[in-house]
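*Asks:* make a model of this:
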Amino acid sequence: MAGGLALAATATPGTAAEPPAGRTLLVTHPAFAKHETGLGNPERPARMRVIDEALAGPDFAALRREEASLRNDVEAAILRAHTPVHLDRIRAAAANSVTYPVRLDADTIVSAGTWEAALRAVGAGMRAVDAVMDRGSGVANAFCQVRPPGHHAERERAMGFCVFNAVAIAALHAKARHGAERVAVVDFDVHHGNGTQAIFWSDHNLFYGSSHRMPWFPGTGAMAETGAGNIWNAPLEEGDGSGPFRTAWTGRILPALDAFRPDLILVSAGFDAHEGDPLGGLRLTDHDFAWVTSRIAEVAHRHCEGRIVSMLEGGYVLDALARLTAAHVRTLAASVA
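*Replies:* The predicted structure follows:
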């Protein structure tokens with residue numbers, strides 16, 4: 001467990017007192033940097049390094065910090081969102097990757113460190129949900145700095161850098177373990193979270209709202225895709241910037257989220273809609289990500305005592321990823337300060 005979780009009662013003479021613990025939890029682990037994806041793959045270990053550096057400054061001294069564990073219940077949780085066939089396929093690929101990486105598709109790699117990283121990513125989301133759902137924990141919201149990402153992973157298919165759909169698994173864990181009746185996932189990654197949409201499709205007590213570029217990978221996310229009336233897509237066009245993005249949220253996603261009245265909000269926090277990201281094609285600014293985080297937090301305060309669990313998805317320009325993640329976490333922390 002990393003430092004910052006416990007609050008020192010008194011300062012040792014001659015030393016500085018620990019900063020008071022805030023209400024925002026950061027969950028991560030060194031294993032996430034050991035998921036190797038090969039030269040040229042933008043979803044690379046350096047993403048973890050730059051976020052580590054960005055969240056090491058004095059602005060983040062009050063974060064509660066924990067390492068993502070290998071939970072005994074993680075495989076059972078995975079099977080709420082994925083089939084046994086999918087779990088066994090990833091397990092077999094991981095076993096075979098000990099000597100040479102296994103390519104699941106053009107983008108998605110299983111290497112020697114992937115199995116541990118993927119299980120810890122799922123465990124991070126579960127732990128964050130446990131913390132925010134426990135009224136006595138002192139934790140109001142959480143950010144999970146994890147990889148591989150998850151929102152493209154479908155019930156029986158890994159794709160788009162994603163192995164297990166950690167955010168969907170976290171949502172289902174909230175329902176199964178904590179009795180949450182209505183759980184929402186909102187997604188501002190530039191790519192549509194086809195996996196989350198597919199897993200949530202027929203359950204009206206699960207909400208999925210997404211802004212994303214369309215047409216673009218993975219080809220889903222039209223407004224007509226509505227599931228059981230619980231799917232709210234807001235597609236954007238290539239080159240769209242702050243205006244269309246904010247309209248998509250204030251005009252479509254946030255009103256639907258308000259009407260849903262969630263017991264918990266999870267966020268697929270992808271930063272690849274930022275201007276200049278090579279996998280994006282949208283023109284969002286740094287301010288847009290802080291803005292959307294604060295708007296989500298407002299809904300969380302109205303309906304679920306500020307309970308938010310955010311999980312890292314995309315974002316591939318390292319300096320921008322560092323800045324935007326820091327802004328996102330800073331906004332989460334400020335919303336419950």
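*Asks:* what's in contact with the host helix or strand of residue 199?
*Replies:* Using DSSP states H and E, residue 199 maps to helix 194-200. Around helix 194-200, the neighbours that count as contacts under C-beta atoms under 8 Å, 6 or more residues apart in numbering are 81, 150-155, 157, 159, 162, 165, 167-168, 171, 185, 187, 206-208, 210, 218-221, 225, 227, 230-231, 233, 268. Where you see a C-beta, it was placed from the backbone N, CA and C, and this is true even at glycine.
*Asks:* pLDDT wise, what is residue 135 at?
*Replies:* In this model, residue 135 is scored at 91, pLDDT.
*Asks:* quick one: list the elements packing against the longest strand along the chain.
*Replies:* Longest strand in the chain, counting residues (DSSP state E): strand 206-213. Packing contacts for strand 206-213, counted by 3 or more C-beta pairs under 8 Å, 6 or more residues apart in numbering; DSSP states H and E, involve strand 183-187, helix 194-200, strand 231-236, helix 254-260.
*Asks:* how far does the last one sit from its chain's centre?
*Replies:* On the basis of C-alpha atoms, centre = their mean, to the nearest Å, the separation between the geometric centre of helix 254-260 and that of its chain is 20 Å.
*Asks:* could you give the average pLDDT over that helix?
*Replies:* The average pLDDT for helix 254-260 rounds to 98.
*Asks:* residues contacting that helix, please?
*Replies:* Outside helix 254-260, the residues that touch it by C-beta under 8 Å, 6+ apart are 182, 184, 186, 207, 209, 230, 232, 265, 295-296, 299, 302-303.
*Asks:* got the phi and psi for residue 82?
*Replies:* Here is the backbone geometry of residue 82 (degrees, to the nearest 10): phi -120, psi 160.
*Asks:* now the one 4 residues further on
*Replies:* As for residue 86, its main-chain torsions (degrees, to the nearest 10) stand at phi -70, psi -50.
*Asks:* cool, residue 93 as well?
*Replies:* Dihedral pair for residue 93: phi -60, psi -40, per degrees, to the nearest 10.
*Asks:* so what's it up against?
*Replies:* With contacts defined as C-beta under 8 Å, 6+ apart, residue 93 is in contact with 102, 104, 110, 114.
*Asks:* sketch out the low-pLDDT regions of the protein for me.
*Replies:* 1-20 (pLDDT under 70).
*Asks:* break down it into its helices, ranges please.
*Replies:* Applying DSSP state H to the chain gives helices spanning 46-54, 74-81, 84-96, 114-133, 166-178, 194-200, 242-248, 254-260, 286-303, 318-335.
*Asks:* out of these, flag the one nearest residue 62.
*Replies:* helix 318-335 (7.2 Å; C-beta to C-beta).
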